[in-house]
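Q: Below is the sequence, then the predicted model.
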2 protein chains.
Amino acid sequence: MTGHTVKAFDAELQELTDKIVQMGDLVKQQIRDALRALLEHDAEIARQVVATDLRTDELQRQIEEQAILTIARRQPMAVDLREIVGALRIANALERIGDYAKNIGKRATATGTEFGQVAALGGLRRMADLMLAAFNHVLTAYERRDAALALKVWQGDQAIDAANNALFRQLLSYMTEDARNVPMGTHLLFCAKNIERMGDHATNIAETIYYIVEGVPLDAARPKEDVTSLERAPTGR
Amino acid sequence: MTGHTVKAFDAELQELTDKIVQMGDLVKQQIRDALRALLEHDAEIARQVVATDLRTDELQRQIEEQAILTIARRQPMAVDLREIVGALRIANALERIGDYAKNIGKRATATGTEFGQVAALGGLRRMADLMLAAFNHVLTAYERRDAALALKVWQGDQAIDAANNALFRQLLSYMTEDARNVPMGTHLLFCAKNIERMGDHATNIAETIYYIVEGVPLDAARPKEDVTSLERAPTGR
């Protein structure tokens, strides 16, 4: 490979990294807006979140296309190939996170104006804060190729799951104590689930960063603490 | 390119196709088992569904790895590149569908034994049947590279969304009429959502098949009929 080719290759890799960072920032904005639309019951921001999702999807397609062209043109080995495969995986995870933000945006205006009085709001906010912090850290870990920070995010997913479990029980009580709470409670349950899934995909990104930097998968079983699907529905009560 | 190379390339493409078909069959089994575990309240099958998900994930990794090696080795153009990129996308969608099956499997034993008496069961079964039919068609469309059949699946997603909308309202009523129904209703809402998302990804696979065969994206706005996120929570009643 000539020096010129290597330089062109480096430029392509850098461009790919830049696109991922750009997509990460866009999704971060999408998450923030989705939460704001939900918590402040803002229909205009909610519409924006749904609209922004088209740009997120388009960026993913661009990253996919560029990654594949680069593989075909350069036949990269080892660390360079990991960079490109990693970009594909991270773009995929970011697209999923954007999708969950879109779902929250869609629900934001369906929650009704009494939403502010729901006690579970505090739990939802806390869970969202944990998830946003994890997402910010994982973007920083990618920009710095920081495997240690990625590992920290990966280990922190338990806290988000714990917050989700507490919120799940709280929302079930809220719905059980007054039938009129059922529709609102249902929306909030789905929002909590969306946030929990965002956290999962932030963790997936952390795994990919670790793989890019270290060259080995972070495949020790991730401590998974979301038990809401196992909460037993009482019978014959 | 020599004849030998072309032949080796064809063999690689065929192997990729075979792996996708294998993964499709595995996910089909996962869906069937998940629904059976849920509808028959079978803990053993539920455990199997969750366990099978590891094999699905592993197959996706293998397909990704092989697709990327083939791109690097053969630098394919046009239809061949579409085949490989399509395989990456389809494997990704199949992995997501398997994930939703796993989620249903996890919930299957939490629904309690009185589950069989829930009226919404019929709606859930109907929705699941529609989705399974779409999934079977899309696998056939892939094996035959049948763009017309793919288009048919793509257009049929509306029926699944309509079934989901009806079921959503039915489950809200079920929960509202008796607070004791809230936990079970919640599980079923999440199961319905999982089935609806599986249908979405079957539709995504249909889009990818169309793109592989026709070389142009099927990007007319898909008729999207899931309105459950817009159902207004009543306020101040």
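A: Received the coordinates, thanks.
Q: Show me which positions of stretch A:22-29 end up buried.
A: By neighbour count on 16 or more other C-beta atoms under 10 Å in any protein chain shown, the buried set for stretch A:22-29 is A:23-24, A:26-29. Placement of C-beta: from N, CA and C, glycine included.
Q: Just the closest of those residues to B:Ile45, please.
A: The closest of those to B:Ile45 turns out to be A:Val27 (C-beta to C-beta; 36.7 Å).
Q: Contacts only, for the closest one.
A: Residues near A:Val27 by C-beta atoms under 8 Å, 6 or more residues apart in numbering or on different chains: A:56, A:94, A:97-98, A:101, A:135.
Q: Also A:Ala108?
A: For A:Ala108, the contacting residues are A:34, A:37-38, A:41-43, A:45-46, A:49, by C-beta under 8 Å, 6+ apart.
Q: count of residues packed around the residue nearest to A:Ala93 when sequence neighbours are not counted?
A: Of all residues not flanking A:Ala93 in the chain, A:His201 sits nearest, at 4.4 Å (C-beta to C-beta, 6 or more residues apart in numbering or on different chains). A:His201 is flanked by 23 other residues according to other C-beta atoms under 10 Å in any protein chain shown.
Q: what does A:Lys106 give?
A: 23.
Q: Report the mean per-residue pLDDT for the longest helix along chain A.
A: The helix that spans the most residues within chain A, counting by DSSP state H, is helix A:3-40. The pLDDT scores in helix A:3-40 average 90.
Q: and if you look at stretch A:125-137?
A: Averaged over stretch A:125-137, pLDDT sits at 95.
Q: Run through who's touching it.
A: Identification of contacts with stretch A:125-137 by C-beta under 8 Å, 6+ apart yields A:27-28, A:31-32, A:35, A:39, A:97, A:149, A:152-153, A:156-157, A:159-160, A:163-164, A:167, A:192, A:195-196, A:198-199, A:202-203.
Q: Buried ones among those?
A: Using 16+ other C-beta under 10 Å as the burial test, the contacts of stretch A:125-137 include A:27-28, A:31-32, A:35, A:39, A:97, A:149, A:153, A:156-157, A:159-160, A:163-164, A:167, A:192, A:195-196, A:198-199, A:202-203 as buried.
Q: Turn the contacts of A:Ala108 into a markdown table, including neighbour count and distance to chain B.
A: Converted to a markdown table, those look like this (neighbours: other C-beta atoms under 10 Å in any protein chain shown; distance: C-beta to the nearest C-beta, whole Å):
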| residue | neighbour count | distance to chain B |
| --- | --- | --- |
| A:Ala34 | 32 | 12 |
| A:Ala37 | 26 | 12 |
| A:Leu38 | 29 | 11 |
| A:His41 | 18 | 10 |
| A:Asp42 | 17 | 16 |
| A:Ala43 | 11 | 11 |
| A:Ile45 | 19 | 16 |
| A:Ala46 | 24 | 10 |
| A:Val49 | 27 | 12 |
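Q: closest to A:Ile212 among those residues?
A: Nearest to A:Ile212, judged by C-beta to C-beta, of these is A:Ala34 at 27.9 Å.
Q: Just give the number of residues close to A:Tyr62.
A: No, residue A:62 isn't Tyr; it's Gln. Around A:Gln62 there are 15 other residues, counting by other C-beta under 10 Å.
Q: And for A:Gly215?
A: As a burial measure, A:Gly215 scores 10 neighbours (other C-beta under 10 Å).
Q: Of all the residues in the helix or strand following the longest helix of chain A, which ones are buried?
A: Next along the chain after helix A:3-40, taking DSSP states H and E as the criterion, comes helix A:43-74. Residues of helix A:43-74 classed as buried: A:45-50, A:52-53, A:56, A:59-60, A:63-64, A:66-68, A:70-72, A:74 (neighbour count, 16+ other C-beta under 10 Å).
Q: Show me what helix A:43-74 packs onto, helices and strands only.
A: Judged by 3 or more C-beta pairs under 8 Å, 6 or more residues apart in numbering or on different chains; DSSP states H and E, the packing partners of helix A:43-74 are helix A:3-40, helix A:78-108, helix B:43-74, helix B:78-108.
Q: please redo it, this time with the cut-off set to 6 Å
A: helix A:3-40, helix A:78-108, helix B:43-74 (3 or more C-beta pairs under 6 Å, 6 or more residues apart in numbering or on different chains; DSSP states H and E).
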